[in-house]
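[1] Fold the stuff below for me.
(one chain, ligands or ions: 1)
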Amino acid sequence: MKIGIIGTGYVGLVTGVCLAEMGHEVTCIDQNTAKIQLLQSGQAPIYEPGLEPLLTRHSALGTLQFRSSIAEMAEDAAAIFIAVGTPSGADGTADLSFVLQAADQIADFITRYTVVVAKSTVPVGTTRVIMERIQAKLESRGLSRKLADVVSNPEFLREGKAIEDFLQPDRIVVGIESQQAARVMEQIYEPLTKKGHSLIVMDLRSSEMTKYAANAMLASRISFINEIAELCEATGADVEKVRLGIGSDHRIGPFFLSAGVGYGGSCFPKDVAALMATAREYQASSSILQATVEVNRRQRKRFLAKVAEYFHGSLEGKAITVWGVAFKPDTDDIREAPALDLIKSLLNEGAAVSIHDPIALPHAKQVFGDRPGIRYFNDPYEAVQGAHALMLVTDWDVYRKADMDLVKKSMNKPVVFDGRNVFDPVQMKNAGFHHYSIGRKASW
Ligand code: NAD
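    As a prediction, this is how the structure comes out:
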């Protein structure tokens, strides 16, 4: 099938590449011409494992094309996906301006029956708004309103595992109102459904809500275990043992129960905020969501407070190394990353901050530039030279496998604040480190 995608960010690009891999002919559009030029030259603008080989293959086959204007898209596309950003507005509501702009472009473009797929995460009721908007425009162009159906098809991929998640999804959720659109969506996803991946069809509002509920649930699990971690520290329990104990219960499961400095990224913070805004709009309660956000905020502060406490309340003049800026491993995405807040606070407290990240360093440079007190390192061991403390903020594999003897020799003092519980406290103690991790006994 011929498919168009508007937006070539983390979701749009992965969707385009994977739909091509599933046998479709895909044209991806982005208004960012620099991104399109890069993609046309065969390079991915984002770091995502497994993306580039598929990009290269389908670009060469001609089954994947990149254009900077919708006018350059084939007119006979069966479906056009909207995969543009929906960032947080000032009051936490989702900013729908990119989505509505894309909807207008589609409405001005189509001349034959097209299914418009809302892939972006949008609040309950938005898909209907997009449908009304497109159909009204079609009418004003003297065309039938029936030329467009709009469906909701939220995306559940994880950055860092996006290709795998798209091609082997736990489920595909589609919110739909028309039988004709349902058939198109079934055909698009047939290469996956015939391998046994389920397509769950529901109404528009339930589909939109499913996406927010999924992210809010995952965020709340992280805040839950972080609250338990705080209690573990207070009572002398070990959160890693507790995690094993509760995660083995099949009603609970082991996933998304890692204590740490809290969640970040381009989705959880904004989606929880948007769901809270929806609750406000409908005068419904959002106590669990509020607590989730509050615990997440406190978690970063608690981590920083531990470092300050270690240095008797003052970080002035201390050399602190931060390992990891990306909001999680295997991505270059630093949007709302906990490391950004932590680095800002360290600099404000007068510390000299050395940072390392295997992939996201260029993005960190865009945020902090040559602000006094900050230095960037491509080598994690050079980054710890002379440091008074090391803060591990992202659990990249390279840190898990680090040569801690070398780290110890390089540091001014062997002090590690392990924000992702990567290192074993007993081993760290035996190796001569002062080690603090989340929800476990500190070794000093
Ligand atoms: P992104 O910011 O990485 O990419 C959005 C892209 O859309 C940008 O390249 C931008 O230039 C382009 N764009 C905006 N308006 C356009 C227009 N009118 N025409 C052409 N291009 C346009 O965003 P993202 O992270 O891919 O997220 C997209 C949506 O998917 C969001 O709603 C997000 O919440 C949702 N989502 C994201 C993830 C994730 O892990 N990033 C996962 C699931 C769902």
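[2] Residue of the chain nearest the ligand, please.
    Per CB to the nearest ligand atom, residue 9 is where the chain lies closest to the ligand, at 1.8 Å. Heads up, the C-betas are built off the backbone N, CA and C, glycines and all.
[3] Measure how buried that residue is and give me the count.
    Residues lying near residue 9 (other CB atoms under 10 Å) number 19.
[4] now it: how far from residue 97?
    Distance from residue 9 to residue 97, counting by CB to CB, to the nearest Å: 15 Å.
[5] Give me the spatial nearest neighbour of residue 226, chain neighbours excluded.
    Ranked by CB to CB, 6 or more residues apart in numbering and with sequence neighbours excluded, the top spatial neighbour of residue 226 is residue 299, at 4.8 Å.
[6] ditto for residue 67
    Of all residues not flanking residue 67 in the chain, residue 29 sits nearest, at 5.4 Å (CB to CB, 6+ apart).
[7] tell me which residues form a beta bridge with the one you found?
    Residue 29 forms beta bridges with residue 6, residue 67, as assigned by DSSP bridges.
[8] how many neighbours does it have?
    Neighbour number of residue 29 under other CB under 10 Å is 26.
[9] Run through the residues that contact it.
    4, 5, 6, 7, 8, 66, 67, 68, 69, 70, 72, 73 (CB atoms under 8 Å, 6 or more residues apart in numbering).
[10] Residue 443: how many residues sit nearby?
    Other residues close to residue 443 by other CB under 10 Å number 18.
[11] Identify the bridge partners of it.
    residue 435.
[12] What of residue 322?
    Legend: beta-bridge partners of residue 322 under DSSP bridges are residue 355, residue 391.
[13] got a list of what the residue of the chain positioned farthest from its centre touches?
    Within the chain, the residue lying farthest from the chain centre (CA atoms, centre = their mean) is residue 142, at 41.1 Å. Taking CB under 8 Å, 6+ apart, we find residue 142 in contact with no residue.
[14] what about the helices in the stretch 151-300 of the chain?
    Counting by DSSP state H, counting those that start in this stretch, the stretch 151-300 of the chain has helices at residues 162-167, 179-193, 204-235, 239-247, 268-281, 287-310.
[15] Quick one: closest of these to residue 85.
    helix 268-281 (9.4 Å; CB to CB).
[16] by contact count, what packs against that closest one?
    In terms of contacts (3 or more CB pairs under 8 Å, 6 or more residues apart in numbering; DSSP states H and E), helix 268-281 is packed against helix 204-235, helix 287-310.
[17] Return that helix as CSV; C-alpha atoms alone will do.
    The C-alpha trace of helix 268-281 is given here as CSV (Å, rounded to 0.1, in the frame of the first residue of the first chain):
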residue,chain,number,x,y,z
PHE,A,268,6.1,10.4,30.5
PRO,A,269,6.4,13.9,31.9
LYS,A,270,4.3,15.5,29.2
ASP,A,271,1.7,12.7,28.9
VAL,A,272,1.1,12.6,32.7
ALA,A,273,0.8,16.4,32.7
ALA,A,274,-1.7,16.2,29.7
LEU,A,275,-3.7,13.6,31.5
MET,A,276,-3.9,15.7,34.6
ALA,A,277,-5.0,18.6,32.4
THR,A,278,-7.8,16.3,31.0
ALA,A,279,-8.8,15.5,34.6
ARG,A,280,-9.0,19.2,35.4
GLU,A,281,-11.1,19.8,32.2
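[18] Report whether the residue farthest from the centre of the chain is found in a helix, as I expect.
    No - under DSSP: H, G, I helix; E, B strand; the rest coil, residue 142 falls outside any helix and is assigned coil.
[19] Residue 225 touches residue 239, doesn't it?
    Yes - in terms of CB atoms under 8 Å, residue 225 counts as a neighbour of residue 239; the distance is 6.9 Å.
[20] list residues touching both of the two?
    Common neighbours of residue 225 and residue 239 (CB under 8 Å, 6+ apart) are 259, 439.
[21] picking up where we left off before, would you format the helices and strands packed on helix 268-281 as JSON lines with mean pLDDT, distance to residue 188 and mean neighbour count included?
    Formatted as JSON lines, these follow (pLDDT from 0 to 100; distance: least, CB to CB, whole Å; neighbours: other CB atoms under 10 Å):
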{"stretch": "helix 204-235", "mean pLDDT": "98", "distance to residue 188": "15", "mean neighbour count": "19"}
{"stretch": "helix 287-310", "mean pLDDT": "98", "distance to residue 188": "33", "mean neighbour count": "18"}
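[22] mind checking which of those is nearest residue 151?
    Residue 151 lies closest to helix 204-235 among the helices and strands packed on helix 268-281, at 7.7 Å (CB to CB).
[23] For the closest one, enumerate the helices and strands it packs against.
    Other elements packing on helix 204-235 under the criterion 3+ CB pairs under 8 Å, 6+ apart are helix 126-140, strand 148-152, strand 171-175, helix 239-247, helix 268-281, helix 287-310.
[24] Just want the angle from it to strand 148-152.
    20 degrees (axes from the mean of the first three to the mean of the last three CA atoms, to 10 degrees).
[25] Centre of the chain to helix 204-235, how far?
    Distance, stretch centre to chain centre, for helix 204-235: 15 Å (CA atoms, centre = their mean, to the nearest Å).
[26] Tell me if that helix is near the ligand.
    No - Helix 204-235 lies out of reach of the ligand by CB under 6 Å from any ligand atom, never closer than 7.2 Å.
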